[in-house]
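In: missing the sequence, but the structure's below:
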């Protein structure tokens, strides 16, 4: 126990506390002014925090090998839950991703993250798992994409997208860096194609390829490769429209259009982000003060205690508060990478990277959404957003790693 | 290989840091370099609401409260909050049929489910008292107070006027007003609108996303207080006004009584009149239409808009002009042949020849034809036209033919014909005293208003001067009198000329042959003059001017009862009763009073 990394634990506790206070501020009203009022979100969150701490302690007491041993079992159980929720789940706001048990609801997708991270770590830490082998690639892809597909079937696109974050883990474990670059290029091309006439895009790409051909002597010999790459890119550009129009759902298209400024719709699809930006922007340097945020208190910002919880921080604590929060998250993420790198066991390291990647993805998408840099994708801000499943899921995710780290000297 | 891969942690950390830096830059832009979001947040949440001041109150000369703002209540509804309710009970409390409930509810829902809208307007205090007890049973319904003009006594409707919602023209003329504001539409309410209305205040409140009010912004730091309207103190005596209206019931005409010492109007009656409370609140539109279409024209203020020939009540003025022009002396006597006299016959039976005093007392027409002739044919002047203009200037100095331009609404100037007018009709040089002889006895082209006629008696009471008649004495406090209304106006007749006329007017009551002798009041010296005015629309108008007491007069007045016959029959006793009421505060001549009160002159035609 003495080997527990207290820096991570304290960062965790601070962020959880910030979350609790922010939820209180977000849903504050005079009739329920007590922060311990159990009928309100902040009261319930306090209960979830208590549960999480108990759960964290339980995890810290269990033998670290337990998690690596039963990785696949956890994975299997979560897959069962994900299938189960499709069959027996309750539909809330268009997504069928909740089990209703009494007055509480459970979201299996939140638990699937740590199970997938465990399974991935378990598989990749096996002997001879090398990305140069085709089978490794296939199995890895399956482990990641299977739960993601099931979540996609629940119409919870946001949670499904989280699984793309494992690409960082794979990169660390030897996947070609070109894949990361390729991913970035694909994303950029997608956006550019939506904004600009696609023939101009193709023309520009052609110009770049020709330029590369004349400037790089080694590539000249592989002219067919170059032409092939150009054809592929052009086809991709041409198909973006098709994908956009036929694969994405109406509200997703709208959110992307609003983000890119193609559509301005501050009453409809753009309302959330518009109000969110007003909330954060009106916070100024030092904020309006605790419980003084008008945007959140008077319900202008929707989902103000869950997905848009950052608005409350931005509005009431201003740039100073937002900056501190970003630094806290960054500190936690870098600390996790540091911890992961000091592991002697490959399992622990891969799992550690998994934790960092998932947290990073949530952090990026959630904050990016509230400040208008990403389209509205409904995923929570870890440890801050209101929600039992989310808090418990992220706590388990993190504390399994803290446990692994505390026994890093015994684990090989 | 392994060593190489561990280097990749820097790439991963770099990605983390880059994202964090992008976010921080973005936040810098949003929170520090762009102020528009602060404005947007304020636009979202801040609403300015108007705080209406209480309108100034109106008091009578004795400090009796006549007009004030009374709290009224609007019932508001927020459809979303309305639960299942007992509509039968609800409708019974509000005294509305079920169908109205359904219509109002539908209208409210159409407007907004979240925002409050008016369900029922201007519920009276009594209805509200009952509703308030039961309101807890009806969630979603709220009460909002507003004020309604309340008239304590159903008197002086035309003088006080009324208020109503501003129309587009009024809003265009003064940017102070917004849709739904109230403005004075007539009477004192209109004339003193700027002083009465006060100043609206602005409250800044916060609203939530459904536009529901959430309290004041920064503890009212940016609120401006409303300033209540100034109170107005009238010269009207409410008791006298009420009594005068009572005397005029079932009669058409007017009474104007003035305090000769100030020009303040004591009673200002036009008949038929109406209860000013009829033009307040929910019932206003309906009642206004009803009054509009009444054939007796109760909305017409005859006291200022009615134009009458003064008839014999003009004789004192004629005498005063003659005296001042030295064409008439107290002892001047003329012969009267009664009905056989030419060019103007006499309608009274009296001795002949007779002197000025008896001529006034017995209203001898031929006498005043002679007086008029001597003025117009005065050899002092080169022509009839010049003499006529001199005469006209005298008449105008008595306040005839012009407006007083004080605070009296809808005033008309009447008519004292000009020489040019006669030139046009008869041709220059082709008219003389005989041509325009009707003017000798206050008939013909001369038209006066009851207000001007009352002012004539003020002038005789004061021996030659008057203060412009007015309604409001003071604004803000009783001491803060309006100085513009206290500017003395002199006539062109010197004070010493008045005594003989006043003596004669006293004889109208006191004299053996006085035309109003049977309406005299024991113990009070009343001076008066009857008038029986021919008019083309039917029976003669009964007219009377009077003031009392003779020395140090306290009240001067005119009374006109349309189409009722002799001045002595109705107008004189009404004036006498008014004077008794005002000076003695009690009525001893009950039989006389009863005859007047019972007199229903409207059914006669």
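Out: Arrived safely, thanks for sending. What you see is a predicted model, and the numbers here were worked out from it, not measured in a lab. Numbers count the residues shown, from 1 in each chain, chains lettered A, B, ... in the order given.

In: so what's residue B:42 closest to, chain neighbours aside?
Out: Leaving aside its sequence neighbours, residue B:42 sits nearest to residue A:282 (CB to CB, 6 or more residues apart in numbering or on different chains; 7.8 Å). (Each C-beta comes from the backbone N, C-alpha and C, glycine too.)

In: so what's the one you found up against?
Out: A:288, A:295, A:315, B:37-38, B:40-42 (CB atoms under 8 Å, 6 or more residues apart in numbering or on different chains).

In: Number of residues surrounding whichever residue of the stretch 51-200 of chain B sits closest to chain A?
Out: Residue of the stretch 51-200 of chain B nearest chain A, by CB to the nearest CB: residue B:114 (11.1 Å). Residue B:114 has 14 neighbouring residues, counting by other CB atoms under 10 Å in any protein chain shown.

In: can I assume it is in contact with residue B:108?
Out: No - if you go by CB atoms under 8 Å, residue B:114 and residue B:108 don't touch, sitting 11.0 Å apart.

In: got the phi/psi numbers for the residue of the stretch 501-605 of chain B found nearest chain A?
Out: Minimum separation of the stretch 501-605 of chain B from chain A (CB to the nearest CB) falls at residue B:585, amounting to 60.8 Å. Main-chain dihedrals, residue B:585, degrees, to the nearest 10: phi 60, psi 20.

In: What are the contacting residues of whichever strand or helix holds residue B:183?
Out: Using DSSP states H and E, residue B:183 maps to strand B:182-184. If you take CB under 8 Å, 6+ apart as the criterion, strand B:182-184 is touched by B:55, B:161-166, B:170, B:177, B:190-193, B:196-197.

In: Past that strand, which element shows up next along the chain?
Out: Following strand B:182-184 in sequence, per DSSP H and E, is helix B:187-191.

In: The contacts of residue A:282: which two are farthest apart?
Out: For the contacts of residue A:282, the farthest-apart pair by CB to CB is A:288 and B:40; their separation is 13.7 Å.

In: What pLDDT is listed against the residue in the stretch 251-400 of chain A that chain B sits nearest to?
Out: The minimum distance from the stretch 251-400 of chain A to chain B, using CB to the nearest CB, falls at residue A:281 (2.5 Å). We have a pLDDT of 92 for residue A:281.

In: My guess is it contacts residue B:42. True?
Out: No - look at residue A:281 against residue B:42 with CB under 8 Å: they stay out of range, at 11.8 Å.

In: From chain A, how far out is residue B:485?
Out: According to CB to the nearest CB, to the nearest Å, residue B:485 and chain A sit 54 Å apart.

In: tell me which residues in stretch B:537-555 are buried?
Out: Across stretch B:537-555, burial judged by 16 or more other CB atoms under 10 Å in any protein chain shown covers B:540-550, B:553, B:555.

In: Quick check: end-to-end length of that stretch?
Out: Separation of the first and last residues of stretch B:537-555 by CA to CA, to the nearest Å is 31 Å.

In: Same check on stretch B:408-421?
Out: End-to-end for stretch B:408-421, by CA to CA: 28 Å.

In: what mean pLDDT does it have?
Out: So the average pLDDT for stretch B:408-421 ends up being 92.

In: for stretch B:304-312, same thing?
Out: 92.

In: Quick check: residue B:315 is in a strand.
Out: No - going by DSSP: H, G, I helix; E, B strand; the rest coil, the assignment for residue B:315 is helix, not a strand.

In: from the middle of its chain, how far away would the helix or strand harbouring residue B:21 be?
Out: Per DSSP H and E, residue B:21 falls inside helix B:8-27. Distance of helix B:8-27 from the chain centroid (CA atoms, centre = their mean, to the nearest Å) equals 79 Å.

In: From the chain's centroid, how far away is whichever helix or strand comes after that helix?
Out: Downstream of helix B:8-27, the next assigned helix or strand under DSSP H and E is helix B:36-45. Taking CA atoms, centre = their mean, one finds helix B:36-45 lying 48 Å from the centre of the chain it belongs to.

In: Please apply the same query to stretch B:200-210.
Out: With CA atoms, centre = their mean, you get 37 Å for stretch B:200-210.

In: circling back to that earlier point, secondary structure for the buried residues of stretch B:537-555 - can I get that in TSV?
Out: Output for the buried residues of stretch B:537-555, formatted as TSV (three-state DSSP):
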residue	secondary structure
B:540	strand
B:541	strand
B:542	strand
B:543	strand
B:544	strand
B:545	strand
B:546	strand
B:547	strand
B:548	strand
B:549	coil
B:550	coil
B:553	coil
B:555	strand
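
In: and the two most separated of these?
Out: B:540 and B:549 (29.4 Å).

In: pLDDT score for the residue lying closest to residue B:68 once chain neighbours are set aside?
Out: Nearest residue to residue B:68 in three dimensions, chain neighbours excluded: residue B:57, at 4.5 Å (CB to CB, 6+ apart). Here the pLDDT value assigned to residue B:57 is 94.

In: Please give me every residue in contact with residue B:57.
Out: Counted by CB under 8 Å, 6+ apart, residue B:57 has contacts B:65, B:67-69, B:231-232.

In: And it, how far from residue B:189?
Out: 12 Å (CB to CB, to the nearest Å).

In: ok, now residue A:352?
Out: Counting by CB to CB, the gap from residue A:352 to residue B:189 is 83 Å.

In: These two: which has the busier surroundings?
Out: The neighbour count for residue A:352 versus residue B:189, taken as other CB under 10 Å, is higher for residue A:352 (30 against 27).
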